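Trainee: need a structure here:
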Amino acid sequence: MQNCIPNDPPSNLSGMGSGIISVEPYREIGNSRSLMEILLSDHTTGSNLIWATDDYSSEGSGFNARDTMRYLFLIDPNRVIRPRYLKPQSEQRNRSRDMAEVFTPPWIVNKQNNLVDEQWIGIKDAFNIEHRNSWTVTDRVRFGDRSWEDYVTSIRMEVCCGEAPYLTTRYDSINGFEIPVRSRVGFLDRKLRVVSENVDEPEDWLTWAKTAVKSVYAYDFQGDNVLLARENLLLTFIEFYREKFEEEAPQSSMETVANILSWNIWQMDGMKMVVPFSCESSYRTEAGVITSNRCNACKTGTGRHIGKYCRIMDWGKGASVEYASMMKKERKERGAKSAKNVANTLDGWF
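Mentor: Numbering: from 1, shown residues only. Got it, this is the predicted structure:
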């Protein structure tokens, strides 16, 4: 078993990437225009993600909240979008104050994800044994009466995901230390670990890994968080492949995974289930005055919004679906539940 204590400065972490996280992996992705154009795309609007935050407005034109995020803006080394830990303390405080942005320590993520997996698998400590603020990784994941294939395809979702710590714990968001691949406890980490334990041929591994990526979903309001979440999940795929086969994943596979993530990790106003700011409509009156007309649902809190309702991919059917309609049907069939509970009961959808 491998002991992992991510909340203390590790002196003996083994595996690739030990130490404080770096922006270099993000720069490497950023140097690939083909990957970045996929990761920046928004399938609901047919355009790119928008910033949806004024944190970058000091960079000048094109960096305001309603501006789209463009590749040429992001390749400057000084403009790379950084994980929260690498942002200035003042920016971290501002985002917590203005957007209620907080990050969960990985040991808490592990406890919560373990509870979900214990219910699904029916076995306690299938992935690791918890300690106070750490965990010990088991030698192999046990499934009892459930199959590893079913686990890999089972749906998991993180709402208001930020940098997606519940899907991948590449690093401790509190102290910035990178967590070794095998010790990671996000849902995609767990799925890829299961694939690595059960599949040895690279081609088969890639097939199952892509299936695993298709099974995880998340959304956030702010564009930089959506991009970071997509990048973190892509890096997770890359790092698990490297750990398993001691070589780099094929570029074509990275682009396929990036495309899956561009659908599964999307930008959304979670209260309205529409693209941020899309309920705002501006028009010019006969007097030449520009005015805005907010939708009635925004004013009253009832009815359908006029904004663009976000769409995600049903990979089983090979067609996109409106997230709001899917959730409405889910609530009708299973009763009103919290967003977290609904997310954990989506197995039968895809």
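
Trainee: where in this structure is pLDDT low?
Mentor: 1-18, 74-80, 86-102, 282-293, 335-350 (pLDDT under 70).

Trainee: let me see the ranges of the helices in it.
Mentor: 24-30, 33-39, 71-74, 89-99, 106-121, 148-153, 187-198, 202-214, 223-245, 251-264, 296-300, 323-334, 339-343 (DSSP state H).

Trainee: distance to residue 178 and mean neighbour count for those helices - can I get that in a markdown table?
Mentor: Where C-beta positions appear, they are placed from N, C-alpha and C, glycine not excepted. As requested, the helices of the chain are exported to a markdown table (distance: least, C-beta to C-beta, whole Å; neighbours: other C-beta atoms under 10 Å):
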| stretch | distance to residue 178 | mean neighbour count |
| --- | --- | --- |
| helix 24-30 | 10 | 16 |
| helix 33-39 | 21 | 19 |
| helix 71-74 | 22 | 15 |
| helix 89-99 | 19 | 13 |
| helix 106-121 | 11 | 18 |
| helix 148-153 | 24 | 17 |
| helix 187-198 | 13 | 23 |
| helix 202-214 | 20 | 19 |
| helix 223-245 | 10 | 24 |
| helix 251-264 | 20 | 19 |
| helix 296-300 | 42 | 13 |
| helix 323-334 | 32 | 14 |
| helix 339-343 | 27 | 14 |
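
Trainee: turn those helices into CSV, columns for distance to residue 140.
Mentor: As requested, the helices of the chain are exported to CSV (distance: least, C-beta to C-beta, whole Å):
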stretch, distance to residue 140
helix 24-30, 28
helix 33-39, 33
helix 71-74, 40
helix 89-99, 38
helix 106-121, 13
helix 148-153, 10
helix 187-198, 6
helix 202-214, 16
helix 223-245, 15
helix 251-264, 25
helix 296-300, 50
helix 323-334, 34
helix 339-343, 27
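
Trainee: between those, which gets nearest to residue 159?
Mentor: Each of the helices of the chain has some distance to residue 159 by C-beta to C-beta; the shortest is helix 339-343, at 5.0 Å.

Trainee: next up, the contacts around residue 54.
Mentor: Counting by C-beta atoms under 8 Å, 6 or more residues apart in numbering, residue 54 makes contact with 64, 65.

Trainee: from residue 82, how far out is it?
Mentor: Noted for residue 54: a distance of 17 Å to residue 82, by C-beta to C-beta, to the nearest Å.

Trainee: can you check residue 55 too?
Mentor: Applying C-beta to C-beta to residue 55 and residue 82 gives a distance of 11 Å.

Trainee: then residue 115?
Mentor: 31 Å.

Trainee: what do you get for residue 48?
Mentor: From residue 48 to residue 82 the distance is 19 Å (C-beta to C-beta).

Trainee: residue 186 now?
Mentor: When residue 186 is compared with residue 82 (using C-beta to C-beta), they lie 20 Å apart.

Trainee: who's more crowded, these two?
Mentor: residue 186 (26 against 16; other C-beta atoms under 10 Å).

Trainee: that one contacts residue 161, doesn't it?
Mentor: No: using C-beta atoms under 8 Å, residue 186 is not in contact with residue 161; the gap is 10.6 Å.

Trainee: what do the two both touch?
Mentor: In contact with both residue 186 and residue 161: residue 167, using C-beta under 8 Å, 6+ apart.

Trainee: is it true that residue 274 touches residue 310?
Mentor: Yes: if you go by C-beta under 8 Å, residue 274 and residue 310 touch, sitting 6.5 Å apart.

Trainee: overlap in contacts, those two.
Mentor: In contact with both residue 274 and residue 310: 268, 324, using C-beta under 8 Å, 6+ apart.

Trainee: in space, what's closest to residue 85 - neighbours in sequence excluded?
Mentor: residue 176 (3.9 Å; C-beta to C-beta, 6 or more residues apart in numbering).

Trainee: ok, residue 229 next?
Mentor: That would be residue 164: by C-beta to C-beta, 6+ apart, it lies 3.8 Å from residue 229.

Trainee: what about the one you found, how many residues nearby?
Mentor: Residue 164 has 27 nearby residues by other C-beta under 10 Å.

Trainee: the one 10 residues further on now?
Mentor: Using other C-beta under 10 Å, residue 174 has 17 other residues around it.

Trainee: for residue 251, see how far away it is.
Mentor: 34 Å.

Trainee: isn't residue 229 up against residue 218?
Mentor: Yes: using C-beta under 8 Å as the test, residue 229 is close enough to residue 218 to be in contact (5.9 Å).

Trainee: list residues touching both of those two?
Mentor: 161, 164, 167, 265.

Trainee: can you get me a residue count around the closest residue to residue 112 other than its chain neighbours?
Mentor: For residue 112, ignoring the flanking residues on the chain, the nearest one in space by C-beta to C-beta, 6+ apart is residue 166 at 7.4 Å. Number of residues near residue 166 (other C-beta under 10 Å) recorded here: 25.

Trainee: hang on, residue 166 packs against residue 113?
Mentor: Yes: using C-beta under 8 Å, residue 166 makes contact with residue 113 at a distance of 6.6 Å.

Trainee: ok, residue 221 - contacts?
Mentor: So residue 221 contacts 52, 99, 160, 267, 268, 269, 270, 276 (C-beta under 8 Å, 6+ apart).

Trainee: rerun that using 7 Å as the cut-off
Mentor: Contact analysis of residue 221 by C-beta atoms under 7 Å, 6 or more residues apart in numbering lists 52, 269, 270, 276.
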